[in-house]
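Asker: fold the following.
(chains A and B)
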Amino acid sequence: MAYKISESALDAIIAGLSAQCAVYAPRLLAGWGTSSDVDIVGYAKIEKGSQIAFDKKSMYSFKEAILPISQTLFYFTEDEMREPRPAFAQAVVFLRGCELHGLSRLDDVYRADGKLDFYYEQLRSNTKFIVIGCEDGFESCFCESMGASGVPACDGYILSRGDGYVLISNFDELTDLVKAEKAEQIDFTPVPAKNTLKVNVPDEIPEEVATSPIWDEYDARCIICGRCNFVCPTCACFTMQDIFYDENVNAGERRRVWASCQIDGYTDIAGGIAFRKTKGERMRFKALHKLKDHKGRYGRNMCVGCGRCDDVCPEYISFSACVGKVAKACKEVGGNG
Amino acid sequence: MDNLYKPFLSKILKVNPHTDIEYTFRMEYAGEVKPGQFFEVSIPKYGEAPISISGIGDGWVELTIRRVGKVTSELFESSEGKSFFMRGPYGNGFDLDLYKGKQLVVVAGGTGVSPVRGVINHFSRNLGQVDGFSVIVGFRSPEDILFSDDIALWKENKGFTLTVDHASEGYTGSQGMVTKYIPDIQFKDINTAQIVIVGPPRMMTACAGAFIERGVPEENIWISHERRMSCGLGKCGHCRMSHKYVCLDGPVFNYADAKHLVD
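Answerer: A predicted model of the protein is given here:
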């Protein structure tokens, strides 16, 4: 059911929600940028509606709410191995439509073949997802081209409009809070986001594209910082990291931390062997995962066209431009792109 | 819900040192397991490492480990009667039934001998199950030779070749890369012969090429990949090649499929 709500009503609703569970949303994080006095928009807990950044795209995606950058899997003492308590028992995450499409890609990986991931499930299955509506998207968005502009089935939807907000609630706890504000019911159906940036996405990418010269330019341009992976809502890779405490070497922990396929060490094996030594090869590995290989395994493109990697790259490498280059390379090798 | 990352404790039944840096650990394990599969050896506070199963017996598995990193160095501090954690087995492993009744050729290099040791041992003891059995095993130098005890048994089969890449003067055994000995193999029926190749990536490519040149169909060639892994469950992403995860879909691949996989 859709409701028209005011700013003060939204504040009260979010305050009510955050009294019951953890509420995460994109919000302005003053001074959190890597340079001094630079603000970013990122995911953090909120207590009131006015903290939600409706007018900007977050730098990092929602994924850190359910797939933390560093997550402890076990605490070790001499003879014991103990799982930590989950970060939250229940949570609500406000996220963009493209990110909810991104969630389905994370599900592909973490829920594949019935092999559920204990830690992912602990957070994922106890989270409600409320989509923040985008009517026009942002400059670098290309979700429409990637087929990820629609609003998938979700627990709620909120759209910021000149005269307040439209809120759709699909779960009781939220509906009760909305009703307590005596919000007016309205007829409303969310519409897919529209983008100005249009990208030609190839349906099928022939194998030969892997050896196309289109990847060579990234040898010179990419500085293998891995930011593109870390802001991506669909990058799911991690590395195990064991530590022991300096103060007491008999105790320690095992963590998993986000990994980047662009960074040295990602493929190193015993005997000094590493695969994909050049930056171009690493870009190719990432790009073809997003546009071909995930689809080959799970039936849908991994990239959702959120454009975060374009926004964050210090070398102005554009993934949407790369998609276009892949489509062109497909034609050159005789594919149907 | 089961926590698939939680390792179990396994007792060290025997330690067999091959070289200063290569030991075989016989570990207590009762479940079903196939040669070519692997375990994640899991040492709290040090980390995890995927290790091939180099031997299988009643109530035990063997893991041949080279001391190269943090996890493996810590393992070398362990001794008989102690225990360490592991999880698995993971991966598809070799399907021995596929080779039965056919001529079988196994080519392995260096630590690549570990994952096929179970295959070689099985058919060395059951020669009647295959229609001809050749084995070419290569190591860098005589000092790097692994599984000397097994090699003594394997040598009884006249189709066995042990070679080293380089040796100092006075070494009387065969020398040269494993590929040097591929032309010597006598095929009874090149269309049905099965080839298993395990070793460093460049060695596997060179050997597969040599067999294809001799007329072996690609579908009859099997290789086993080694890649970095953090989970063994198809989630961490490190071992992915194209749309396949080496930990789930491999490490054993048919060459006709494997040649299409891009790192």
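Asker: got a list of contacts for the lowest-mean-pLDDT helix or strand in chain B?
Answerer: Taking mean pLDDT, DSSP states H and E as the measure, the helix or strand of chain B with the lowest value is helix B:70-75, at a mean of 86. Helix B:70-75 is contacted from outside by A:A270, B:F25, B:V41, B:I43, B:Y46, B:G47, B:E48, B:A49, B:I65, B:R66, B:R67, B:F84, using Cβ atoms under 8 Å, 6 or more residues apart in numbering or on different chains. Bear in mind the C-beta positions are built from the backbone N, C-alpha and C, glycine included.
Asker: and that helix, what's buried?
Answerer: Within helix B:70-75, the residues scored as buried using 16 or more other Cβ atoms under 10 Å in any protein chain shown are B:V71, B:T72, B:E74, B:L75.
Asker: CA atoms only for that helix, dumped as CSV, please.
Answerer: The C-alpha trace of helix B:70-75 is given here as CSV (Å, rounded to 0.1, in the frame of the first residue of the first chain):
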residue,chain,number,x,y,z
LYS,B,70,52.8,-19.2,6.6
VAL,B,71,50.2,-22.0,6.9
THR,B,72,52.5,-24.7,5.6
SER,B,73,55.5,-23.6,7.7
GLU,B,74,53.2,-23.9,10.8
LEU,B,75,52.1,-27.4,9.7
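Asker: partners of whatever helix or strand comes next after that helix in the sheet?
Answerer: Next helix or strand after helix B:70-75 toward the C-terminus (DSSP states H and E): strand B:83-90. Paired strands of strand B:83-90, with direction, are strand B:8-17 (antiparallel), strand B:38-43 (antiparallel) (DSSP bridges).
Asker: just put those in JSON lines and tack on mean pLDDT.
Answerer: As requested, these are exported to JSON lines (pLDDT from 0 to 100):
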{"stretch": "strand B:8-17", "mean pLDDT": "94"}
{"stretch": "strand B:38-43", "mean pLDDT": "95"}
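Asker: which of the ones you listed is buried the deepest?
Answerer: Most buried of these, by mean neighbour count (mean count of other Cβ atoms under 10 Å in any protein chain shown): strand B:38-43, with a mean of 26.
Asker: what residues does that strand touch?
Answerer: Contacts for strand B:38-43 (Cβ under 8 Å, 6+ apart): A:242, B:7, B:48-53, B:61, B:63, B:65, B:71, B:74-75, B:84-91, B:115, B:229, B:231-232, B:251.
Asker: where in chain A is pLDDT low?
Answerer: A:335-337 (pLDDT under 70).
Asker: ok, now chain B?
Answerer: For chain B, no stretch has pLDDT under 70.
Asker: in it, which residue is closest to the centre?
Answerer: Geometric centre of chain B, nearest residue: B:P115, 1.7 Å, by Cα atoms, centre = their mean.
Asker: residue of the stretch 51-200 of chain B closest to chain A, please.
Answerer: B:V68 (4.5 Å; Cβ to the nearest Cβ).
Asker: all strands of the stretch 101-250 of chain A, in order?
Answerer: A:127-132, A:156-161, A:164-169, A:184-186, A:238-245, A:248-258 (DSSP state E, counting those that start in this stretch).
Asker: same check, this time on the stretch 51-200 of chain B
Answerer: B:60-66, B:83-90, B:104-109, B:133-139, B:160-164, B:174-175, B:194-198.
Asker: partners of the third one in the sheet?
Answerer: Think strand B:104-109. Note on strand B:104-109: by DSSP bridges, its sheet partners are strand B:133-139 (parallel), strand B:194-198 (parallel).
Asker: could you dump these to TSV with distance to B:G101?
Answerer: TSV is the format used below for the strands paired with strand B:104-109 (distance: least, Cβ to Cβ, whole Å):
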stretch	distance to B:G101
strand B:133-139	12
strand B:194-198	10
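Asker: contacting residues for the residue nearest in space to the middle of chain A?
Answerer: Centroid-nearest residue in chain A, with Cα atoms, centre = their mean: A:P233, separated by 1.8 Å. Listed by Cβ under 8 Å, 6+ apart, the contact set of A:P233 reads A:S61, A:F62, A:K63, A:C98, A:E99, A:G102, A:L103, A:R105, A:L106, A:V304, A:C306, A:R308.
Asker: closest to chain B among the residues you listed?
Answerer: Proximity of those to chain B (Cβ to the nearest Cβ) peaks at A:L106, which lies at 10.0 Å.
Asker: so the closest one touches A:F62, yeah?
Answerer: No - the pair A:L106 / A:F62 is not scored as a contact, 9.9 Å apart, by Cβ atoms under 8 Å.
Asker: who has more neighbours out of the two?
Answerer: For A:L106 and A:F62, the more surrounded residue by other Cβ atoms under 10 Å in any protein chain shown is A:F62, and the numbers stand at 27 against 23.
Asker: identify each buried residue in stretch B:85-96, please.
Answerer: B:F85, B:M86, B:R87, B:G88, B:P89, B:Y90, B:G91, B:N92, B:G93, B:F94, B:L96.
Asker: tell me how many other residues crowd B:G250.
Answerer: Residues lying near B:G250 (other Cβ under 10 Å) number 25.
Asker: same question but for B:L153, I mixed them up
Answerer: 14.
Asker: OK, contacts around the closest residue to it other than its chain neighbours?
Answerer: Nearest non-adjacent residue to B:L153, counting by Cβ to Cβ, 6 or more residues apart in numbering or on different chains: B:S124, 6.0 Å away. Taking Cβ under 8 Å, 6+ apart, we find B:S124 in contact with B:F133, B:V135, B:L153, B:W154, B:E156, B:N157.
Asker: the strands of the stretch 101-250 of chain A into a markdown table, with extra columns for mean neighbour count?
Answerer: Output for those, formatted as a markdown table (neighbours: other Cβ atoms under 10 Å in any protein chain shown):
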| stretch | mean neighbour count |
| --- | --- |
| strand A:127-132 | 22 |
| strand A:156-161 | 18 |
| strand A:164-169 | 21 |
| strand A:184-186 | 11 |
| strand A:238-245 | 18 |
| strand A:248-258 | 17 |
